[in-house]
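Participant: Here's my sequence, what's the structure:
(one chain, ligands or ions: 1)
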Amino acid sequence: MTSPRTTAPGTPPGQGTPSLAVSLDATHLHPGVTDPVMDSMRLLSETAFRYPDAISFASGRPYEEFFAFEDLHRYLDRFVADLRDRGLPEERVKRAVFQYGPTNGVIRDAVARMLATDESIHTTPDSILITHGCQEAILVALRGLFVSPDDVLLTVSPCYVGVTGAAKLLDIPVEAVPERAYGLDPEDVAAVAHRVRSAGKRPVACYVTADFANPSGHSLPLSARRRLLEVAEEHDLLILEDNPYGLFGRAGEQLPTIKALDDSRRVIYLGSFAKTAFPGARVGYLVADQPVVSADGSARPFAEELAKVKSMVTVNTAGIAQAVIGGLLAESGYSLRAATRRLADLYVGHLDLTLACLAEHFPPEDFATHGVRWNVPTGGFFLLVETPFDVDIPALERSARDHGVAWAPMRMFYVGEGGANVIRLGFSSLTRDEVREGIHRLAEFIRASSKG
Ligand SMILES: Cc1ncc(COP(=O)(O)O)c(C=O)c1O
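Facilitator: Residues are numbered from 1 along each chain as shown. Reported below is the predicted structural model:
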């Protein structure tokens, strides 16, 4: 007989009074609930919340000073005005905002125009699925692609926790492609795909962020983007390209996304408006233009098939949120690259300032902080600092409590072991003064911890 999933009514562990309530046995719950990895983000934010006066480099939140209520109203008005201008009857205009909506979304045309303008990704609206943030796009894409326990997801490691977390929720096995000091090497993807196949399994897709990755800040050079597409072809892989930070590089230094180079529909592109607009909208999207051929020979873009998955997760993305993003896109002339240039310059300025402060506080000739090194991303929200000692949640707690500065321990982003002595600094939500003071405090924490 298998052991019971519930504990009979009685005295719950650690509580004095007997209760009539049933309790659940954690060992019988899904790892999506019980695996400590699933709790890492909560632990991180809890630590940051416990020390509200600490300067926090722990998150990837966007800068808040440009948020304005009047923008929300203007974007919404613009969206509604555009629908009316197109001759839509008033009841349909109302419905678009107030009602349940089509699962695949009401702003697909606008997103298609934006992708053509900003990324030279030329796709049709029916290949786009509007999602509840990029996180849902990841979950939905994984659900559609992975069928058997032998289907393996390759992911760069360290990796955005939302991907490994979603894979865990769906019981999808993950194989790490370890990042090198310079970032992801496509030959490593080939080697891991080969190893997986040699073990009798199927490497289905590889998750990558080509521009300013979370957490490492690394970007793929153009040659690596091209080579990755060849590797995908050679090993029959799909590429899941996630690109929330791509607009936040230096002016004029933009590289084509992998999707823009993709002639054979190897890439499913995952997009987010959380950083380019604001996370409160919870709007993202995916581009999945791969034709799915049915038994009767008809074909529909994969995005339309994935809409079935989304319909069972969130039904449809909130009409109000889509309307606001749709209005923003229309107002920007369907170019968020142009509309976010001021923001991008601010982030690049923060990156440069963080790097300058690190150089000032950790000069190479300083013996006490010998071993403190950092990478030099060319854009995005994050960079990595290597410390001469191990860093974990208790170390973060000490740093926040005793030195007033918080950050993210890198070990939580690894598939398996790694990053024991590395921290991720996210500078996007801070002011310039906070960046200066924060790095000063970080230097004090590192000096204090190096002595011990
Ligand atoms: C790499 C990456 N992908 C996806 C997401 C999730 O985006 P969204 O907020 O649109 O769900 C994030 C959020 O920080 C991220 O860093």
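Participant: From now on I want contacts and neighbour counts done on CA atoms only, so please keep to that.
Facilitator: OK.
Participant: helix or strand right after the lowest-mean-pLDDT helix or strand in the chain?
Facilitator: Sorting the helices and strands of the chain by mean pLDDT, DSSP states H and E puts strand 6-7 at the bottom, at a mean of 63. As assigned by DSSP states H and E, the chain's next helix or strand after strand 6-7 is strand 23-24.
Participant: and that following strand, which strands flank it?
Facilitator: For strand 23-24, the paired strands and their directions (DSSP bridges) are strand 6-7 (antiparallel).
Participant: And for whatever residue of the stretch 251-400 of the chain ends up closest to the ligand, the neighbour number?
Facilitator: Ranking the residues of the stretch 251-400 of the chain by distance to the ligand (CA to the nearest ligand atom) places S272 first, at 4.1 Å. Neighbourhood size, S272 [other CA atoms under 10 Å]: 25.
Participant: dump the residue contacts of the closest residue in space to it that isn't next to it in sequence.
Facilitator: Spatially, and ignoring its direct neighbours in sequence, S272 is nearest to G284 (4.1 Å; CA to CA, 6 or more residues apart in numbering). By CA atoms under 8 Å, 6 or more residues apart in numbering, the contact list for G284 reads 130-137, 270-274.
Participant: Bridge partners for G284, pull those for me.
Facilitator: Bridge pairing for G284 - DSSP bridges - gives T131, S272.
Participant: quick one: it from A295, how far?
Facilitator: Separation of G284 from A295 (CA to CA, to the nearest Å): 31 Å.
Participant: go on, D236?
Facilitator: On the measure of CA to CA, D236 and A295 end up 22 Å apart.
Participant: Between the two, tell me which one has more neighbours.
Facilitator: More crowded of D236 and A295, by other CA under 10 Å: D236, with 15 against 7.
Participant: Spit out the contact partners of the more buried one.
Facilitator: D236 neighbours (CA under 8 Å, 6+ apart): V204.
Participant: Swap in 6 Å and give it another go.
Facilitator: By CA atoms under 6 Å, 6 or more residues apart in numbering, the contact set of D236 is empty.
Participant: residues in contact with the residue nearest the centre of the chain?
Facilitator: The residue lying closest to the centre of the chain (CA atoms, centre = their mean) is Y160, at 5.5 Å. By CA under 6 Å, 6+ apart, the contact set of Y160 is N214.
Participant: tell me the phi and psi of it?
Facilitator: With angles defined as degrees, to the nearest 10, Y160 sits at phi -60, psi 130.
Participant: pLDDT score for it?
Facilitator: pLDDT recorded at Y160 is 96.
Participant: same thing with L44?
Facilitator: pLDDT at L44 comes out at 81.
Participant: so who does G32 touch?
Facilitator: K168, L169.
Participant: What's the first helix or strand after the helix or strand hosting it?
Facilitator: Here G32 sits within helix 31-34, counting by DSSP H and E. For helix 31-34, the following helix or strand on the C-terminal side (DSSP H and E) is helix 40-50.
Participant: Outside of the helix or strand R401 falls within itself, list whatever touches it.
Facilitator: Secondary-structure assignment from DSSP H and E places R401 in helix 393-403. Contact with helix 393-403 is made by A54, V405, A406, R441, F445, as judged by CA under 6 Å, 6+ apart.
Participant: Closest one of these to the ligand?
Facilitator: A406 (17.2 Å).
Participant: Surely the closest one and S56 touch.
Facilitator: Yes. Between A406 and S56 there is a contact at 4.5 Å, judged by CA atoms under 6 Å.
Participant: which bits of the stretch 201-350 of the chain sit near the ligand?
Facilitator: Within reach of the ligand by CA under 6 Å from any ligand atom, the stretch 201-350 of the chain has these residues: N214, D242, P244, S272, F273, A274, P279, G284.
Participant: how about 8 Å then?
Facilitator: The interface of the stretch 201-350 of the chain toward the ligand, taken as CA under 8 Å from any ligand atom, is made up of 209, 213-215, 242-245, 270-275, 279, 282-284.
Participant: Now restrict these to buried residues only.
Facilitator: For those, a burial check counting by 16 or more other CA atoms under 10 Å picks out 209, 213-215, 242-245, 270-275, 282-284.
Participant: Among the residues you listed, which ones are in helices?
Facilitator: Among these, no member falls in helices (DSSP state H).
Participant: where in the stretch 151-300 of the chain is pLDDT low?
Facilitator: Nowhere does the stretch 151-300 of the chain drop to pLDDT under 70.
Participant: Run the angle between the helix holding R401 and helix 40-50 for me.
Facilitator: Interaxial angle of helix 393-403 relative to helix 40-50 (axes from the mean of the first three to the mean of the last three CA atoms, to 10 degrees): 20 degrees.
Participant: So which bits of helix 393-403 are buried?
Facilitator: Those would be I393, A395, L396, E397, S399, A400, R401, H403, for helix 393-403 by 16+ other CA under 10 Å.
Participant: Now tabulate these in JSON lines and tack on distance to V97.
Facilitator: Listed next are the buried residues of helix 393-403 as JSON lines, based on distance: CA to CA, whole Å:
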{"residue": "I393", "distance to V97": "43"}
{"residue": "A395", "distance to V97": "47"}
{"residue": "L396", "distance to V97": "44"}
{"residue": "E397", "distance to V97": "44"}
{"residue": "S399", "distance to V97": "46"}
{"residue": "A400", "distance to V97": "43"}
{"residue": "R401", "distance to V97": "46"}
{"residue": "H403", "distance to V97": "48"}
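Participant: Let me have those in a markdown table, adding distance to the ligand and pLDDT as columns.
Facilitator: Shown next, in a markdown table, are these (distance: CA to the nearest ligand atom, whole Å; pLDDT from 0 to 100):
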| residue | distance to the ligand | pLDDT |
| --- | --- | --- |
| I393 | 20 | 90 |
| A395 | 23 | 95 |
| L396 | 20 | 94 |
| E397 | 22 | 93 |
| S399 | 23 | 97 |
| A400 | 22 | 96 |
| R401 | 25 | 96 |
| H403 | 26 | 97 |
